[in-house]
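[1] my questions concern the predicted model and sequence given below.
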Amino acid sequence: MKKISLILLVLFSIITFGQGMKFEENKSFKELLATAKKENKLLFLDAYTTWCGPCKQMAKNVFPQETVGNFYNANFVNSKIDMEKGEGIEIAKKYNVRAYPTYLFINGDGELIHRVTSYYDAPEFINVGKDAIDPAKQMGALKKRFEAGDKNPEFLKSFIKVYAFADPDLATKAAAIYFNQKKEPMDQEDFSYLFSLTKDSNSPLYPQFISRKEELLKVMPEENYNKTLNNFKLNSLFNTSYDKTTKVFDEKKYVAEARKTMSEEEVKPLLLKTKMRVATMNKDSAGYQKLAIEYYKDGTSSDFSSNELNSIAWNFFENATDKVALDHALLWAKQSVKLQEGYANTDTVANLYFKMGDKVNAKTWATKAIELAKKESQEYGETQAILDKIK
């Protein structure tokens, strides 16, 4: 009996202390804040989406680790909320969550104390938590240090990492200082910040793309480099023609400015795509679909990549309901497969057929998509669900 009791005690210890992070369940955001306040801890919030690959990897590989659980369970009230469902939608708006996974550290009054956005291995993730409870490394302290004029490269890099999504304009100011004083070659993280924070050719970071051309051409083809510069210029053109406050697009001004550097043949498709962008921003689904059909036509233009066609086809799958729109989406998805077959676009074709009521073709394409998913080591649960519904 003593031996049995000892074994049970060991098993209990393993179950109790080796579970990884413990997440609060079935509590509203208000209740989570109340729990954090009562326990005098910060609320750790895993802001995730169901489609986010790194989110799934964190949940699978990092959260369950004992060292991670020991630290986070002792120091935080842990929670996870889908940012695209329920109250997660409002939380995403409140805390400006736009990239995933994002990790928020919030006090009991709902004040954001710290945040990061990325995939981390276990030791790095524990360090993130340590920073969140260290007053000297929390967002407020970092901001005061930056405003005081600290130009230490390592500090600036840490500041950019924290504020890249919390306050992009402030992060851009810090990045401009960081890159202007950086003489050595950029590392992978530097490239990431430079590309993510440069919005258009008016950005204070844009000159870095000119002065560091040789360095950039070592990591990207010249064709892509030129496209990147062109996109920055187009973004500037758009930003001078669209009023974010009134949500009004000045088409005449846009066209007049575009004609200064482009031919009429170039302006027409550009205007269509820009109006699609405006429709998206104004949540005009019907207008967006009409413009998209005019812009993409049958999808066979050499201007369209496989990824772009699959993206627009999936957008129609999620939002379109009439047969004409879905027929166009099917054309685009199949053209995407023709250009570069993969799990993502074959799955789109399967979903479109299923939505249109063609179960025979839906089954054929879903089976094909699952075969590709296995080869690509992709999860295919949602595709399998189509087959299960057909059976």
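    Yep, it's here.
[2] what about the strands in the stretch 101-250 of the chain?
    102-106, 112-117, 242-243, 248-249 (DSSP state E, counting those that start in this stretch).
[3] distance to S336 for those strands - can I get that in JSON lines?
    No exception for glycine: its C-beta is placed from N, CA and C like everyone else's. As requested, those are exported to JSON lines (distance: least, C-beta to C-beta, whole Å):
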{"stretch": "strand 102-106", "distance to S336": "29"}
{"stretch": "strand 112-117", "distance to S336": "29"}
{"stretch": "strand 242-243", "distance to S336": "29"}
{"stretch": "strand 248-249", "distance to S336": "29"}
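[4] give me the nearest residue to the residue nearest the centre of the chain, chain neighbours excluded.
    By C-alpha atoms, centre = their mean, the mean C-alpha position of the chain lies nearest to A99, the distance being 3.5 Å. Ranked by C-beta to C-beta, 6 or more residues apart in numbering and with sequence neighbours excluded, the top spatial neighbour of A99 is T117, at 5.0 Å.
[5] one more: L237?
    In space, L237 is closest to E257, 5.6 Å off (C-beta to C-beta, 6+ apart).
[6] is it true that that neighbour touches T240?
    Yes: using C-beta atoms under 8 Å, E257 is in contact with T240, at 6.9 Å.
[7] looking at these two, which one has more neighbours?
    Legend: neighbour count by other C-beta atoms under 10 Å for E257 and T240, higher for E257 (17 against 13).
[8] which ones are touching the residue nearest to A99?
    A99, Y100, P101, T102, Y103, A164, F165 (C-beta atoms under 8 Å, 6 or more residues apart in numbering).
[9] the last one: neighbour count?
    Read it as F165. 18.
[10] all helices of the stretch 201-350 of the chain, in order?
    206-211, 213-216, 222-239, 251-258, 264-281, 285-296, 306-319, 323-339, 343-355 (DSSP state H, counting those that start in this stretch).
[11] what's the closest of the ones you listed to K94?
    K94 sits nearest to helix 264-281 of all the helices of the stretch 201-350 of the chain, at 19.9 Å, using C-beta to C-beta.
[12] now the closest one: buried residues?
    Residues V267, L270, L271, T274, K275, M276, V278, A279 are the ones in helix 264-281 that count as buried (16 or more other C-beta atoms under 10 Å).
[13] packing partners for that helix?
    The contact analysis (3 or more C-beta pairs under 8 Å, 6 or more residues apart in numbering; DSSP states H and E) places helix 264-281 against helix 222-239, strand 248-249, helix 251-258, helix 285-296.
[14] parallel or antiparallel, list what pairs with the second one.
    Strand 248-249 has the following strand partners under DSSP bridges: strand 242-243 (antiparallel).
[15] now tell me what touches the partner strand from outside.
    Counting by C-beta under 8 Å, 6+ apart, V248, F249, D250, V278, M281 sit against strand 242-243.
[16] and the last one, how far from V255?
    Which is M281. 19 Å (C-beta to C-beta, to the nearest Å).
[17] deepest-packed of the helices of the stretch 201-350 of the chain, please.
    Most buried of the helices of the stretch 201-350 of the chain, by mean neighbour count (mean count of other C-beta atoms under 10 Å): helix 343-355, with a mean of 24.
[18] check which helices and strands the helix or strand just after it sits against.
    Downstream of helix 343-355, the first helix or strand assigned by DSSP states H and E is helix 359-375. Here helix 359-375 is seen to pack against helix 343-355, helix 381-390 when contacts are counted using 3+ C-beta pairs under 8 Å, 6+ apart.
[19] mind telling me what element T50 is part of?
    Applying DSSP H and E, one finds T50 in no helix or strand.
[20] meant to ask about A47, not that
    strand 42-48.
[21] check which residues of that strand are buried.
    Quick answer for strand 42-48 (16+ other C-beta under 10 Å): L42, L43, F44, L45, D46, A47, Y48.
[22] who does that strand touch, helix- and strand-wise?
    Against strand 42-48 (3+ C-beta pairs under 8 Å, 6+ apart) you get helix 29-38, strand 76-82, helix 88-94, strand 102-106, helix 122-133.
[23] how far off centre is the shortest one?
    The chain centre lies 15 Å from the centre of strand 102-106; the measure is C-alpha atoms, centre = their mean, to the nearest Å.
[24] quick revisit: mind checking the helices of the stretch 201-350 of the chain for the one nearest to P185?
    helix 213-216 (6.1 Å).
[25] pull the CA atoms of that closest one into CSV?
    Output of helix 213-216 as CSV, limited to C-alpha atoms (Å, rounded to 0.1, in the frame of the first residue of the first chain):
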residue,chain,number,x,y,z
LYS,A,213,20.1,49.3,-51.9
GLU,A,214,23.2,47.1,-52.3
GLU,A,215,22.5,45.5,-48.9
LEU,A,216,18.9,44.9,-49.8
